[in-house]
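In: what shape does this take:
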Amino acid sequence: MRLDIRRIGAVKDGDEVVGNETRVKVVKNKVSPPFRQAEFQIMYGRGIYHMGEVIDWGVKLNLVDKSGAWYAYKGDKIGQGKANASKFLEDNPAVANEIESAIRAQTMATAAAEAEAESDEGVAEE
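Out: Residues are numbered from 1 along each chain as shown. Just a heads-up that it's a prediction; the model follows:
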């Protein structure tokens with residue numbers, strides 16, 4: 001497997017750089033489809049930033065509302081900017097777990113539906 005890892009931006013806390021926005025692309029893979037991409041934050045001294053991923057996936061799946069720079073969950077504003085919204089989730093693990101459970105439920109349901117559709121296609125071809 002060959003990965004193309006690129007820094008696409010800096011994560012700042014005030015004027016101090018505390019991490020990198022990173023894009024990883026699978027260039028070569030012999031066991032699954034190549035050319036898949038992922039974007040995430042890598043924080044210095046911590047690794048991949050989990051709460052940033054929860055915010056990103058929440059927005060992507062329409063579980064977290066993004067209006068300009070503000071993020072909201074169930075009508076309650078959780079922070080201005082991704083850093084503040086992520087900090088809110090760190091300080092409120094119950095809310096973070098609720099969002100993460102909803103993300104997992106939604107993505108697992110989608111994956112199960114896709115797998116079922118693929119198996120139905122295989123049966124129809126026989």
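
In: show me where this protein has strands.
Out: 2-13, 16-28, 37-43, 47-48, 65-67, 70-73, 76-80 (DSSP state E).

In: direction included, what does the fourth one pair against?
Out: Yep, that's strand 47-48 we're talking about. The pairing partners recorded for strand 47-48 under DSSP bridges are strand 37-43 (antiparallel).

In: with the fifth one instead?
Out: In the sheet, strand 65-67 lines up against strand 70-73 (antiparallel) (DSSP bridges).

In: equivalent analysis for the last one, please.
Out: For strand 76-80, the pairing partners within the sheet under DSSP bridges are strand 70-73 (antiparallel).

In: buried stuff in the strand it pairs with?
Out: By 16 or more other Cβ atoms under 10 Å, the buried positions in strand 70-73 come out as 71, 73. All C-beta spots, glycine's among them, are computed from the backbone N, C-alpha and C.

In: hmm, back to that, most neighbours per residue, which of the strands of the chain?
Out: strand 70-73 (a mean of 18; mean count of other Cβ atoms under 10 Å).

In: hmm, who's touching it?
Out: Strand 70-73 is touched from outside by 55, 58-59, 63-66, 77-82, 85, 95, 99, with contacts defined as Cβ atoms under 8 Å, 6 or more residues apart in numbering.

In: pop the domain breakdown of the chain in here.
Out: Per automatic domain parsing, the domain ranges recorded for the chain read 1-48, 50-126.

In: quick one on the thing from earlier: redo the strands of the chain as CSV? Include mean pLDDT and distance to Ala117.
Out: Formatted as CSV, the strands of the chain follow (pLDDT from 0 to 100; distance: least, Cβ to Cβ, whole Å):
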stretch, mean pLDDT, distance to Ala117
strand 2-13, 91, 29
strand 16-28, 92, 24
strand 37-43, 91, 23
strand 47-48, 92, 31
strand 65-67, 93, 30
strand 70-73, 94, 31
strand 76-80, 91, 35
